[in-house]
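Visitor: sequence-free structure coming up:
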């Protein structure tokens, strides 16, 4: 179907909440599967977070997956004044969580950017807690509200629309997640279509 | 002051949210400091949880501190139908959290008993996330509400009063925590007195 979209002349932007790897490696995987997409055609939480960090002069402490770190290569991370939380997987250690917590609680006005708010996801070896669970832990401990950067946040879809150069009412979001994909896009004024693949039940 | 309470003939029950060690070792510490108290004079979350588990025929999976495990020695832990969460400290690993989560999400009606809901506490090497933060993570991931067994839960104070054989209106709670000690006791119909020691600021 990506081929047919291409042939039709429609513009395409992929919106992913992937936060365990860079867009580069995400695109590599898709290309290996035969999908001809470029890095610029991918809207993902990490680059969205980078834009936000720059806009607001924020210097992050990263609690993210090791493979995602390159997305933040050009960001000043000295003397952190915020925490960026992703699906850190094996990096979600007791020590790392305490470290992120101490930095937050030590800030005059703690800023926690979360690259998503997923509850859990499935891997071959079973279900895993997703970034949303750890976000809730830090929110509670610090008595703060995180800012969610990935889907379903409005900002995320606006950034994808800006990339396309298309107004919301001329775009359609296609996804398998009723909240993150369909709900998020609709709140942004887009139409949305739910496909019964992936995590659809 | 414990000596004067003893001399006065007043009954004394210690209410602690300590979940990193057994009552035995808690009492040993106090005795080493010169306080003559017995294990029966200590109301703590773990034994309160054990009563609850027995009453409701619950078989726990434990995610607690290693030193607390002996409190659950007499409890059937085969084929778990609930999760008991304490301040597990170093046991709060990514793998252990995923394991507790998978058990909960796999239950027809997930039951999460939390031995407390503290946000954080201070140790010599810095602030640490307390059990409440991990409780929130599991609550969010499973879309459930944990049952809190320690202070400030009403059940906890009622159990201390039962141990004393004294009605609420004849008891006074003395503590340093405005929510866990003072608030919890007042909700139970007791009077309460806040001391400006410990965590008081």
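Guide: Here it is on my side, so go on. All of these numbers come straight from a predicted model, not from anything done at the bench.
Visitor: Phi and psi next, for the residue lying closest to residue A:165 once chain neighbours are set aside.
Guide: Once flanking residues are discounted, residue A:165 sits nearest to residue A:11: 7.8 Å by C-beta to C-beta, 6 or more residues apart in numbering or on different chains. Where you see a C-beta, it was placed from the backbone N, CA and C, and this is true even at glycine. Note on residue A:11: backbone dihedrals following degrees, to the nearest 10 are phi -80, psi 150.
Visitor: before we move on, what about residue A:85?
Guide: phi -110, psi 130.
Visitor: That one - how many residues pack around it?
Guide: A count of nearby residues for residue A:85, using other C-beta atoms under 10 Å in any protein chain shown, gives 31.
Visitor: What distance do you get for it to residue B:157?
Guide: To residue B:157, residue A:85 is 36 Å away according to C-beta to C-beta, to the nearest Å.
Visitor: what's near enough to touch the residue nearest in space to the middle of chain A?
Guide: In chain A, the centroid-proximal residue (C-alpha atoms, centre = their mean) is residue A:45; its distance is 2.7 Å. Counting by C-beta atoms under 8 Å, 6 or more residues apart in numbering or on different chains, residue A:45 makes contact with A:17, A:18, A:19, A:86, A:115, A:116, A:149, A:150, A:151, A:156.
Visitor: my read is the last one is in a helix, agree?
Guide: Yes: counting by DSSP: H, G, I helix; E, B strand; the rest coil, one finds residue A:156 located in a helix.
Visitor: re the thing from before, of all the contacts of residue A:45, which comes closest to chain B?
Guide: Nearest to chain B among the contacts of residue A:45, counting by C-beta to the nearest C-beta, is residue A:116 at 12.6 Å.
Visitor: what's the neighbour count on the closest residue to the closest one other than its chain neighbours?
Guide: Nearest residue to residue A:116, sequence neighbours excluded (C-beta to C-beta, 6+ apart): residue A:150, at 4.0 Å. Here the count is done by other C-beta under 10 Å, and residue A:150 has 29 residues near it.
Visitor: Could I get the contacting residues of residue A:150?
Guide: Residue A:150 neighbours (C-beta under 8 Å, 6+ apart): A:17, A:19, A:44, A:45, A:48, A:114, A:115, A:116, A:117, A:156, A:180.
Visitor: can I assume the third one is in contact with residue A:19?
Guide: Yes: when contacts are counted by C-beta atoms under 8 Å, residue A:44 is listed as touching residue A:19 (7.5 Å).
Visitor: is residue A:43 in a bridge, and if so with what?
Guide: residue A:15 (DSSP bridges).
Visitor: What is the neighbour count of it?
Guide: Counted with other C-beta under 10 Å, residue A:43 comes out at 24.
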